[in-house]
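S.K.: I'd like to go over a predicted model; first the sequence, then the structure.
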Amino acid sequence: MTEVLGLSAIDLARIQFAFVVSFHIIFPAFTIGLAAWLAVLNGLWLLKRDEIYIRLFDYWKIIFAVVFGMGVVSGVVMSYQFGTNWAVFSDKAGPVIGPLLGYEVLSAFFLEAGFLGVMLFGREKVGEKLHFVATVIVAIGTLLSAFWILSVNSWMQTPAGFEVAENGQFVPVDWWAIIFNPSFPYRFVHMVLAAFLTTAFVVGAVGAWHLLRNRESAGARKMFSHAMWMALLVAPLQIFAGDMHGLNTLKHQPIKVAAMEGHYESHPNGGAPFIVIGIPDDDAETVHYALKIPYASSLILTHDLTSPLMGLKDVPKEDRPPAEIVFWAFRIMLAIGFLMAVVGIWAGIARWRGKLYDNPKLLKLALLMGPSGFIAILAGWFVTEVGRQPWTVYGVLRTAESTSAVDAPAVALSLLAFITVYVVVFGVGIWFVLKLMARRPSEHIDIDDVGPLRAAGITPAAELVAEEATAKGGH
């Protein structure tokens, strides 16, 4: 078997898919939360008739459209690899994953694509109420898309509801068990909350950026306020959901948890320590320079000090995931999750003291936390996917048995092409999104201008209507 730079065709195929999916996941992760927030802004505009909400909606809908487009393009490219590099997996698992991906297109993507144009351009054409309905439908579509994609991925992690036919294909026998497989509810909740937090910290960073330049910007204040409410409320909820997800993973994929924790040795009597930091070494089967908290791993994972925990040495080396990757990815995700909660609590205290917009340290930290959600999602995705190895369908189909009959140079060439095109195309796209975010929100609205009106119970929208009526009367 030929190799390129010491990498086999299987290694290169895995790297290629990891590269493409890592690029792709950041876009839907952002649009899931942003679509929901756009629906909230639109609803608040209808309810309160405060001009600031519709101005923010118009500000962020353009960003949503660009990111949505990049997500569609990267998603289409990703699906082609099932045929080019993973033909055996597609053949064997196709009867299960094919219909699920088809449902995603028929239900979720058609909703998103069908109503996106109305959301972006149709307010004056269909009316404000129908425009709001279209925005809500787009938001529902993004959630439905996550539902089906997470169902596919969860089935690959905890397969259920199928039988293996004589030709080796996985034949569905219970679609309910396939869709709602044992890990799906936990993964879906964890991913949706992660998407909401990702969007919140991007919006919060944009708000902080503009507040550091103009503390009186009404649009920036509203952005930052909404984002910090989300951080305060959702980050602790995500920690709880992550704990539940971890317990589910321990039940169905204990070796993955052992890699996450860096436990090479088993702990049959409980009392496993939590390794805060260290250097895992799969060859030596140990964690060098480990900083441990006694009994903490058993307490966190089983909520019991005496429950047994499996170690990596309990299975042959060929059945173990690479702990050197999973260990660090898990700690990155965990650290960011707790830091998000800290930012939310800090912002809550600042709000209570009436200093939410006047704390430079908080604003600068929020700005630095802008990309944190994307980093956490990528780290979590690496925990999920690398931790599943050496299986494509856990316990049923190995990764080494899933690839197409392609040579390493062919895969390497396509990988190089992907890297080149992605860096150029999506690099320009991300640069453009950052340029859009750098625009001042609601430039014509200023706190000094609308403050007296709000004190008198008059919204900026009412002021604009009154001005328009006066101008018409003057003519």
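M.R.: Right, received. Where do you want to start?
S.K.: contact partners for Asp174?
M.R.: Residues near Asp174 by C-beta atoms under 8 Å, 6 or more residues apart in numbering: 160-162. Where you see a C-beta, it was placed from the backbone N, CA and C, and this is true even at glycine.
S.K.: against Gly117, how distant is Leu312?
M.R.: According to C-beta to C-beta, to the nearest Å, Leu312 and Gly117 sit 52 Å apart.
S.K.: surely Pro159 is in a helix?
M.R.: No: remark: Pro159 does not belong to a helix; assigned using DSSP: H, G, I helix; E, B strand; the rest coil, it is coil.
S.K.: does it really touch Arg388, like I thought?
M.R.: No: counting by C-beta atoms under 8 Å, Pro159 stays clear of Arg388, with 11.1 Å between them.
S.K.: find the residues that touch each one of those two.
M.R.: Joint contacts of Pro159 and Arg388 (C-beta under 8 Å, 6+ apart) are Tyr394.
S.K.: re earlier: so which of Leu312 and Gly117 has more stuff around it?
M.R.: More neighbours surround Leu312 than the other of Leu312 and Gly117, with 22 against 12 (other C-beta atoms under 10 Å).
S.K.: roughly how far does that one sit from Phe17?
M.R.: Separation of Leu312 from Phe17 (C-beta to C-beta) stands at 24 Å.
S.K.: so how far is the helix or strand containing Phe188 from its chain's centroid?
M.R.: Following DSSP states H and E, the helix or strand that holds Phe188 is helix 184-211. With C-alpha atoms, centre = their mean, to the nearest Å as the basis, helix 184-211 stands 8 Å off its chain's centre.
S.K.: tell me where the model's unsure across the stretch 101-250 of the chain.
M.R.: Residue ranges of the stretch 101-250 of the chain with pLDDT under 70: none are present.
S.K.: ranges for the strands of it?
M.R.: Listed in chain order, the strands of the stretch 101-250 of the chain (DSSP state E, counting those that start in this stretch) span 162-164, 170-172.
S.K.: for Tyr59, find the nearest of those strands.
M.R.: strand 170-172 (45.1 Å; C-beta to C-beta).
S.K.: what's around Gln253, how many residues?
M.R.: Around Gln253 there are 22 residues (other C-beta under 10 Å).
S.K.: can you point me to the longest helix in this structure?
M.R.: In terms of residue count, the longest helix belonging to the chain (DSSP state H) is helix 9-48.
S.K.: pull out the buried positions in stretch 110-117.
M.R.: Buried residues in stretch 110-117, counted by 16 or more other C-beta atoms under 10 Å: 111-112, 115-116.
S.K.: just those residues now: which is nearest Asp58?
M.R.: Of all the buried residues of stretch 110-117, Asp58 sits closest to Leu116, with 14.9 Å by C-beta to C-beta.
S.K.: the closest residue to Phe27 other than its chain neighbours and Leu34, how far apart?
M.R.: Closest residue to Phe27 apart from its sequence neighbours, by C-beta to C-beta, 6 or more residues apart in numbering: Gly71 at 3.2 Å. As judged by C-beta to C-beta, Gly71 and Leu34 stand 11 Å apart.
S.K.: over to Ser183?
M.R.: Ser183 is 27 Å from Leu34, by C-beta to C-beta.
S.K.: coming back round to it: may I see the buried residues of the helix holding Phe188?
M.R.: Buried-residue list, helix 184-211, by 16+ other C-beta under 10 Å: 184, 186-211.
S.K.: what do you get for stretch 17-37?
M.R.: 17, 20-37.
S.K.: kindly report the same for stretch 35-53.
M.R.: 35-42, 44-45, 50-53.
S.K.: what's the answer for stretch 168-184, then?
M.R.: So, applying 16+ other C-beta under 10 Å, buried residues of stretch 168-184: 170, 178-184.
S.K.: check stretch 84-96 too.
M.R.: For stretch 84-96, the neighbour count (16+ other C-beta under 10 Å) marks 85-93, 96 as buried.
S.K.: cool, and stretch 369-378?
M.R.: 369-370, 372-378.
S.K.: with stretch 275-286 instead?
M.R.: 275, 278, 280, 282.
S.K.: can I assume the first one sits in a helix?
M.R.: No: the assignment for Ile275 is strand, going by three-state DSSP, so no helix is present there.
S.K.: ok, back up a step: make a markdown table from the strands of the stretch 101-250 of the chain and add distance to Met223 to it.
M.R.: Below are the strands of the stretch 101-250 of the chain laid out as a markdown table (distance: least, C-beta to C-beta, whole Å):
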| stretch | distance to Met223 |
| --- | --- |
| strand 162-164 | 46 |
| strand 170-172 | 45 |
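S.K.: indicate which one of the ones you listed is closest to Ser154.
M.R.: The nearest among the strands of the stretch 101-250 of the chain, by C-beta to C-beta, is strand 162-164 at 13.5 Å.
S.K.: may I see the buried residues of the closest one?
M.R.: Neighbour-count burial for strand 162-164 [16+ other C-beta under 10 Å]: Phe162.
S.K.: list the contacts of it.
M.R.: Contacts for strand 162-164 (C-beta under 8 Å, 6+ apart): 96, 170-174, 178, 396.
S.K.: any idea how far that strand is from the chain center?
M.R.: Centroid displacement of strand 162-164 relative to its chain, using C-alpha atoms, centre = their mean, is 31 Å.
S.K.: gap between Arg215 and Arg221?
M.R.: 8 Å.
S.K.: between those two, which has more neighbouring residues?
M.R.: Neighbours were counted for Arg215 and for Arg221 using other C-beta under 10 Å; Arg221 has more, 21 against 14.
S.K.: for Asp407, phi and psi?
M.R.: The phi/psi pair for Asp407 (degrees, to the nearest 10) reads phi -90, psi 150.
S.K.: err, Pro308, not the other one
M.R.: Its backbone dihedrals place Pro308 at phi -70, psi 150, with angles given as degrees, to the nearest 10.
S.K.: buried set for stretch 325-342?
M.R.: Buried residues in stretch 325-342, defined by neighbour count with 16+ other C-beta under 10 Å: 325-334, 336-337, 339-341.
S.K.: now, which of those residues lie within helices?
M.R.: Checking those against DSSP H, those in helices are 325-334, 336-337, 339-341.
S.K.: the buried residues of stretch 369-378 into TSV, with extra columns for pLDDT and secondary structure?
M.R.: Below are the buried residues of stretch 369-378 laid out as TSV (pLDDT from 0 to 100; DSSP: H, G, I helix; E, B strand; the rest coil):
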residue	pLDDT	secondary structure
Met369	94	coil
Gly370	93	coil
Ser372	94	helix
Gly373	94	helix
Phe374	94	helix
Ile375	95	helix
Ala376	95	helix
Ile377	94	helix
Leu378	94	helix
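S.K.: list the buried residues for stretch 377-395?
M.R.: 377-389, 391-394.
S.K.: measure it end to end?
M.R.: By C-alpha to C-alpha, to the nearest Å, the extent of stretch 377-395 from end to end equals 25 Å.
S.K.: average pLDDT for the strand or helix carrying Tyr422?
M.R.: Following DSSP H and E, one finds Tyr422 within helix 408-437. Throughout helix 408-437, pLDDT has a mean value of 87.
S.K.: so which other helices or strands are in contact with it?
M.R.: Helices and strands touching helix 408-437, by 3 or more C-beta pairs under 8 Å, 6 or more residues apart in numbering; DSSP states H and E, are helix 9-48, helix 51-84.
S.K.: for the residue nearest to the spatial centre of the chain, give me its contacts.
M.R.: The structure's the chain has its C-alpha centroid closest to Ala29; by C-alpha atoms, centre = their mean the separation is 3.7 Å. Contact analysis of Ala29 by C-beta under 8 Å, 6+ apart lists 191, 194-195, 198, 373-374, 377.
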